[in-house]
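Chemist: Model the structure of this input:
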Amino acid sequence: MLIECLHCGFTYDGCEVVDTQSTTDVADNDVYITTDYQCPTCKGITRGTQKGEVIWYEEEFEAV
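Modeler: Residues are numbered from 1 along each chain as shown. Now for the predicted structure:
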């Protein structure tokens, strides 16, 4: 999965990043997985949030 850093624009493979932190939350019968990816170039954090119901939706990203 390729991630474009929202701080510097560098594109990197999120599967190869070793500095990730994930949390899982349940709200209103939905599951939310939030993962912080650290850019290998600028060290900025990009947060990905994925919502799951019966199907998994595409992960959305925001700069942190």
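Chemist: Which strands border the lowest-mean-pLDDT helix or strand in the chain, and is each parallel or antiparallel?
Modeler: Within the chain, no helix or strand scores below strand 20-27, which has a mean of 88 by mean pLDDT, DSSP states H and E. Partner strands and pairing direction for strand 20-27 (DSSP bridges) are strand 30-38 (antiparallel).
Chemist: would you say residue 8 is within a strand?
Modeler: No: Residue 8 is assigned coil when assessed by DSSP: H, G, I helix; E, B strand; the rest coil, not a strand.
Chemist: Spell out the secondary structure type for the nearest residue to it once chain neighbours are set aside.
Modeler: If the residues on either side of it in the chain are set aside, residue 8 comes closest to residue 42, at 4.2 Å by Cβ to Cβ, 6 or more residues apart in numbering. Every residue, glycine included, has its C-beta placed from N, CA and C. Taken by three-state DSSP, the conformation at residue 42 corresponds to coil.
Chemist: Residue 42 is in contact with residue 12, isn't it?
Modeler: No: under the criterion of Cβ atoms under 8 Å, residue 42 makes no contact with residue 12, lying 10.6 Å away.
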